[in-house]
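1. no sequence on this one, just coordinates:
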RNA sequence: GGCGCAUUGGUGUAGUUGGUUAACACGCUGCCCUCUCAAGGCAGAGAUCACGGGUUCGAGUCCCGUAUGCGCUACCA
């Protein structure tokens, strides 16, 4: 069986480094196993999805050297299939129409709302199977739907039983049906929801291994239910430990700003190979402990077994320009700059100098030898590509500041 | 509220059938080299393996509990 994995980001902002790591791990796995690495853009949230974000995701992957096989799949294009599948489940009695009016919820208060509702339900003895429409006779359901009454479609989770799956990282997982509510498949406006869309698309794309963030670990049980209802074989699952901020809190754009964006690293002078190497070591380590690894070595040594389960802290100090990002990332970048083949470094230096109007055409012919000698000399003290145009400015320009 | 996952020096990790002084990398300190800053070389500090019980001749490794953090629990993804 050919391995088929996918990276499925939702285009609602720049490429987060956590997402970039998921993409990397999927890519490594595919390349190692001689499989396919696919890209699916989960743009079903029309309000928040932007084309610009999709572009930045693709750009970021290109920068990291993560090439994908086959055409990009846009999830929104499959909405009809998702709806059809949900309707089929209703017809088969595996899902039902819920005519309960939609409750309005503010995004900012959902978490609290969940807790409040859970407490209230516990107090009133309402469980996950108490939906009044769960056992509505099919004919009545048809009549009300035909009359134009709005309804959501929910999966009818069996009264008793457990879901099981084996996670390549977290081991055997089990969950009682009582803990799982009758999840909504289709909103009352006909819009298919995440869990349904993911499962249908993964089946459609013949995904064999789902490798994604640990935040989906418990949701996976719902998806397992869906695979079963749909009569499809479930793929292998592997969940990746989350990447946390220095205070061990969630790494978020709002709180932490540009350090979490992949493009920041490109723009601030990181060598892509170095950042890829650093990312690979967040939550995974090669068996022999060697840390500087070429792509070929990464591909060869990568294994789901060596991914560990505790979250990784991404260390940085927001207000310290010298430690603006993880020290080890900075060190690794410096290590690449001073040890990579000069021929590979030169084009990056050229781009950096050119962007700062320090590049002269002679460097490509008459002064080529001088340039090589100079770069060879100064690369040993630099941490990022930016340093060539800043700290190294004096080598390339007569116009520079100096400390008397 | 419920359920789940995690917890090894400041950080990333090794330690996968329990067995001598808990290993590596980053960072940190000192010395050497050096016009400076790096790089490089040498030396060193830093962990009662979250806490409390238990099983065992013996536990970071197994069991139970507690704490803390994180995740999920939405007609978000």
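-> Received the coordinates, thanks. All of these numbers come straight from a predicted model, not from anything done at the bench. Numbering: from 1, shown residues only, chains lettered A, B, ... in the order given.

2. Can you pull out the residues in contact with stretch A:315-333?
-> A:246, A:256-257, A:259, A:264-265, A:268-271, A:274-275, A:277-278, A:291-292, A:314, A:383-384 (Cβ atoms under 8 Å, 6 or more residues apart in numbering). In this view, the C-beta of every residue, glycine as well, is placed from N, C-alpha and C.

3. Just the ones in helices from these, please.
-> A:256, A:264-265, A:274-275, A:277-278 (DSSP state H).

4. and the contacts of stretch A:315-333 near RNA strand B, which?
-> Among the contacts of stretch A:315-333, the residues lying close to RNA strand B (Cβ under 7 Å from any atom of the strand) are residue A:291.

5. And the strands in the stretch 201-350 of chain A?
-> Secondary structure of the stretch 201-350 of chain A, counting by DSSP state E, counting those that start in this stretch: strands at A:209-213, A:236-240, A:243-244, A:312-313.

6. how about the ones in helices among the contacts of stretch A:315-333 in JSON lines, adding distance to residue A:95 and neighbour count?
-> Conversion of those to JSON lines gives the following (distance: Cβ to Cβ, whole Å; neighbours: other Cβ atoms under 10 Å):
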{"residue": "A:256", "distance to residue A:95": "40", "neighbour count": "17"}
{"residue": "A:264", "distance to residue A:95": "44", "neighbour count": "16"}
{"residue": "A:265", "distance to residue A:95": "44", "neighbour count": "26"}
{"residue": "A:274", "distance to residue A:95": "49", "neighbour count": "22"}
{"residue": "A:275", "distance to residue A:95": "44", "neighbour count": "23"}
{"residue": "A:277", "distance to residue A:95": "46", "neighbour count": "23"}
{"residue": "A:278", "distance to residue A:95": "45", "neighbour count": "24"}
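
7. Can you tell me, leaving aside adjacent residues, what's nearest to residue A:1?
-> residue A:208 (6.3 Å; Cβ to Cβ, 6 or more residues apart in numbering).

8. tell me the pLDDT at that neighbour?
-> For residue A:208, the pLDDT comes out at 97.

9. measure it to RNA strand B for me?
-> 21 Å (Cβ to the nearest atom of the strand, to the nearest Å).

10. How about residue A:158?
-> In terms of Cβ to the nearest atom of the strand, residue A:158 sits 17 Å off from RNA strand B.

11. what do you get for residue A:55?
-> Distance from residue A:55 to RNA strand B, by Cβ to the nearest atom of the strand: 17 Å.

12. Now name the helix or strand holding that residue.
-> Using DSSP states H and E, the element containing residue A:55 is helix A:51-64.

13. How about residues contacting that helix?
-> A:7, A:9, A:11-15, A:19-20, A:23-24, A:39, A:41, A:43, A:67-68, A:72, A:262-263, A:266, A:272, A:275-276, A:279.

14. Among those residues, name the ones in helices.
-> Residues of those located in helices (DSSP H): A:19-20, A:23-24, A:262-263, A:266, A:272, A:275-276, A:279.

15. buried ones in the worst-scoring helix or strand of chain A on mean pLDDT?
-> Using mean pLDDT, DSSP states H and E, helix A:253-256 stands out as the lowest-scoring helix or strand of chain A, at a mean of 79. Neighbour-count burial for helix A:253-256, with 16 or more other Cβ atoms under 10 Å as criterion, is recorded at residue A:256.

16. Need the residues that contact it.
-> Against helix A:253-256 from outside (Cβ under 8 Å, 6+ apart): A:13-14, A:16, A:245, A:249, A:260-261, A:318.

17. For stretch A:288-307, measure first residue to last.
-> Taking Cα to Cα, to the nearest Å, stretch A:288-307 runs 14 Å from one end to the other.

18. The ones in helices among the contacts of stretch A:315-333: which two are farthest apart?
-> A:256 and A:277 (22.2 Å; Cβ to Cβ).

19. Next, count neighbours for residue A:194.
-> The number of residues packed near residue A:194 is 18, by other Cβ atoms under 10 Å.

20. show me the contacts for it.
-> A:42, A:44.
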